[in-house]
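A.B. asks: kindly generate the corresponding structure for this input.
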Amino acid sequence: MTKTIKTAADLAINGASPLFDQPVHVGRPNIGDRQHFNALADEMFDRHWLSNDGPLVKRFEKELCDFLKVRHCIAMCNGTIALEIAIRALDLRGEVIVPSYTFIATAHALQWQEITPVFADIDPSTQMLDPASVRKMITPRTTGILGVHLWGRPAPVEALQALADNNGLKLMFDASHGFSCTHRGVPLGNFGQCEVFSFHATKFFNTFEGGAVVTNNDELASKMRLMRNFGFVDYDKVIYPGTNGKLTEIAAAMGLTNLADLDKFVDANKRNYSQYRTALASVEGVKVLEFNANEKNNYQYIVIEVSPAYRTSRDDLVKILQAENILARKYFWPGCHNMEPYKSYYPNAGMLLPNTSMVAGRVVVLPTGSAIGESEIAAITNVIRFVATMSSH
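C.D. replies: Numbers count the residues shown, from 1 in each chain. Down below sits the predicted model:
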């Protein structure tokens, strides 16, 4: 840190130097013990086995099954390919209902396979799919529901499963935010037909780049294993159309390393969450999204909603924070339905998504993770508190 903000003139947007010399990021990677990683990498090099379902990948899948309490884990090169393979393995087609308030990959994974993503609205109190809105979007062309566990909190799994069962639909989940989180004591990964995780570098748990589909369905798991490796069942025998979705050995080594240090990452995130929550509790117009203390959570996302009661707009707050080298982010603004090609396909979709539009216009995600500590959070929250007193709209 380079300075203390005492007046509006001290803000970088007024020409002063930024609060932080170096950017403070939302998604700076969690990195486990390097000696552990190096030992696994040495094993890989000694074996001369770098990819193609190697021993580290198999060990990684086994440890994930044990951790998540699922029957099958199919590790993939990234979360998007994992989504696409799961969607194809479930034989989804026609229309599939998804939230617009999600990362664009959720919708693209459907559109890429010529499946129409139909956007349903969210419950503003949870920021996740509203089952009542999902029900309204079901048509004779609907084949499935793709729910999203957002911020590590569970989607309304029972209500969505009931809708799927009553309408002959398949249910799967994008659990990219949900690793090491539970719903009613059950790890996310055990709901719907299958669930997809992202292990991208910015996620709570990363393999550099990677992902996985987990399921308790034996037949579905076998199908996805074939699809992940071009449909090969033997060296010279292909029995199914497939693609290249394999995870590398070096990525599995990173996954095994980070899995061993998971508790350390959770402790850091929870400590940061508690500090943010306490520091911002009295700021009018700023609400910190809370986690259920009775469930297991990774606390990876510090999410605030900036309401009209705050003295500055959400967008202006983000500009001020970024000027101070605090790289806060608007998530998932402006919603998938306002991005291409969906904006052109459904120009009036926003009329059916009022809660999505409202939440997308209020949310800010703040820096956290094992790479920042108390002093950084104190400085960030001081800016937010100061801006609240600085000026009116």
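
A.B. asks: quick one: low-confidence ranges for the stretch 1-150 of the chain?
C.D. replies: 1-3 (pLDDT under 70).

A.B. asks: show me where it has its strands.
C.D. replies: Ranges of strands within the stretch 1-150 of the chain are 24-25, 72-76, 95-99, 116-120, 122-123, 128-129, 142-148, based on DSSP state E, counting those that start in this stretch.

A.B. asks: would you confirm that Thr312 contacts Arg385?
C.D. replies: No. Using C-beta atoms under 8 Å, Thr312 is not in contact with Arg385; the gap is 11.7 Å. For every residue, glycine as well, the C-beta is placed using N, CA and C.

A.B. asks: of these two, who's got more company?
C.D. replies: Thr312 (20 against 16; other C-beta atoms under 10 Å).

A.B. asks: now do the more buried one, the pLDDT please.
C.D. replies: Per-residue pLDDT puts Thr312 at 94.

A.B. asks: sec struct for it, please.
C.D. replies: Here Thr312 is recorded as coil under DSSP: H, G, I helix; E, B strand; the rest coil.

A.B. asks: re the thing from before, mind putting the strands of the stretch 1-150 of the chain into CSV with mean neighbour count?
C.D. replies: Below are the strands of the stretch 1-150 of the chain laid out as CSV (neighbours: other C-beta atoms under 10 Å):
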stretch, mean neighbour count
strand 24-25, 21
strand 72-76, 25
strand 95-99, 26
strand 116-120, 23
strand 122-123, 22
strand 128-129, 25
strand 142-148, 25
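
A.B. asks: for the ones you listed, which one sits closest to Gly361?
C.D. replies: strand 122-123 (12.8 Å; C-beta to C-beta).

A.B. asks: so what secondary structure elements neighbour that closest one?
C.D. replies: strand 128-129, helix 354-360 (3 or more C-beta pairs under 8 Å, 6 or more residues apart in numbering; DSSP states H and E).

A.B. asks: so what secondary structure elements neighbour the longest one?
C.D. replies: In this structure, helix 354-360 packs against strand 122-123, with contacts taken as 3+ C-beta pairs under 8 Å, 6+ apart.

A.B. asks: what's next to the strand it packs on, contact-wise?
C.D. replies: Pro99, Ser100, Tyr101, Met128, Leu129, Asp130, Ser133, Pro156, Asn355, Thr356, Val359 (C-beta atoms under 8 Å, 6 or more residues apart in numbering).

A.B. asks: which of the residues you listed sits closest to Leu262?
C.D. replies: For these, the nearest to Leu262 is Met128 (24.1 Å; C-beta to C-beta).

A.B. asks: how long is stretch 150-157 end to end?
C.D. replies: Criterion C-alpha to C-alpha, to the nearest Å; first-to-last residue distance in stretch 150-157 is 12 Å.
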